[in-house]
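K.L.:
Sequence and predicted model, in that order:
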Amino acid sequence: MALRNYTSLFKEIKKSHFLYLQSLVLFLTTYIDWTLLPYVTKLEGTYLPIFMISFFMLLGALDGIVQPLFKHIKIYNIYLFTICLDILQILSYSFVNYSIIGFTYLILSIFTIQAITFEIARVHTVDFMQDEAIELKDYLMLRSFMISSAIIFGSISAMLFDYFDIKLVNLLIYVAILGIGAIFIQFKLYKKFKKIIYSNDIEILKEKRDIHEKFRM
């Protein structure tokens, strides 16, 4: 049965601690964004002119254009930048008490930059799946599954918060706690990526030195 494909995907996660962390942080960050998104969209439509809404849409469409600029960037630097963005996002929640319009602009800017960074990271992460004994098709399927699940649960959470008339401040506290957990996992991935790339760079330099010494002999 086709349902058995789900079992095989979950087995892939259990095989690799690295893949488990990847899936967990992907789920958490997507869940947080899609829990907030309906509220941000409402604020956007209430306080922003059409010109600015179109401007943010334009920026969000640049991901495919700017990706070649980051072709040779180190994946751990992308994760470090993502961690900084997530910290900034959590700090931005306190701004809602001072200016709701300013908060709307700030959170939309962060969301837009995160979306572009997310696509850049997706391209660079694929290379590391080759060392995890997982087929590219399975990895992409697993990634899509985690994203879709997070969107579903995030949307349901937003509906429940709205149904029970939970204040935006309380919602922000909730996602801030989840965000801190996501940052902790991202930092572990950052260290792992950096260790892998650093080890590979040392090995490449050693091979070049050995080849150079052979030619000298």
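P.N.:
Yes, it's here.
K.L.:
C-alpha from now on. contacts and neighbour counts both.
P.N.:
Will do.
K.L.:
And residue 72, which helix or strand is it part of?
P.N.:
Counting by DSSP states H and E, there is no helix or strand that carries residue 72.
K.L.:
do the one 5 residues further on as well
P.N.:
Counting by DSSP H and E, the secondary-structure element that holds residue 77 is helix 75-92.
K.L.:
Helices along the chain, start to end?
P.N.:
4-15, 17-47, 50-60, 63-66, 75-92, 100-125, 136-163, 168-216 (DSSP state H).
K.L.:
Now tabulate the ones you listed in a markdown table and tack on mean pLDDT and mean neighbour count.
P.N.:
A markdown table is the format used below for the helices of the chain (pLDDT from 0 to 100; neighbours: other C-alpha atoms under 10 Å):
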| stretch | mean pLDDT | mean neighbour count |
| --- | --- | --- |
| helix 4-15 | 73 | 13 |
| helix 17-47 | 93 | 18 |
| helix 50-60 | 93 | 13 |
| helix 63-66 | 89 | 12 |
| helix 75-92 | 94 | 18 |
| helix 100-125 | 91 | 17 |
| helix 136-163 | 92 | 16 |
| helix 168-216 | 77 | 14 |
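K.L.:
And residue 162, how far from residue 93?
P.N.:
18 Å (C-alpha to C-alpha, to the nearest Å).
K.L.:
how close does the nearest residue to residue 40 once chain neighbours are set aside sit to residue 36?
P.N.:
Excluding the flanking residues, the one nearest residue 40 by C-alpha to C-alpha, 6 or more residues apart in numbering is residue 104, at 6.8 Å. As judged by C-alpha to C-alpha, residue 104 and residue 36 stand 11 Å apart.
K.L.:
and if you look at residue 23?
P.N.:
20 Å.
K.L.:
what do you get for residue 120?
P.N.:
For residue 120 relative to residue 36 (C-alpha to C-alpha), the value is 22 Å.
K.L.:
ok, now residue 20?
P.N.:
Distance from residue 20 to residue 36, by C-alpha to C-alpha: 24 Å.
K.L.:
And for residue 190?
P.N.:
From residue 190 to residue 36 the distance is 25 Å (C-alpha to C-alpha).
K.L.:
Likewise for residue 69?
P.N.:
With C-alpha to C-alpha as the criterion, residue 69 and residue 36 are 30 Å apart.
K.L.:
again with residue 55
P.N.:
20 Å.
K.L.:
How much space separates the residue nearest the centre of the chain from residue 20?
P.N.:
The centroid of the chain falls nearest to residue 118 when counting by C-alpha atoms, centre = their mean (4.9 Å). In this view, residue 118 and residue 20 are 18 Å apart by C-alpha to C-alpha.
K.L.:
try residue 190
P.N.:
For residue 190 relative to residue 20 (C-alpha to C-alpha), the value is 14 Å.
K.L.:
and if you look at residue 114?
P.N.:
Where residue 20 is concerned, residue 114 sits at a distance of 21 Å (C-alpha to C-alpha).
K.L.:
Likewise for residue 70?
P.N.:
On the measure of C-alpha to C-alpha, residue 70 and residue 20 end up 26 Å apart.
K.L.:
for residue 110, same thing?
P.N.:
26 Å.
K.L.:
cool, residue 84 as well?
P.N.:
22 Å.
K.L.:
now do residue 86
P.N.:
For residue 86, the distance to residue 20 - C-alpha to C-alpha - is 20 Å.
K.L.:
show me the residues around residue 179 that make contact.
P.N.:
28-29, 32, 86, 90 (C-alpha atoms under 8 Å, 6 or more residues apart in numbering).
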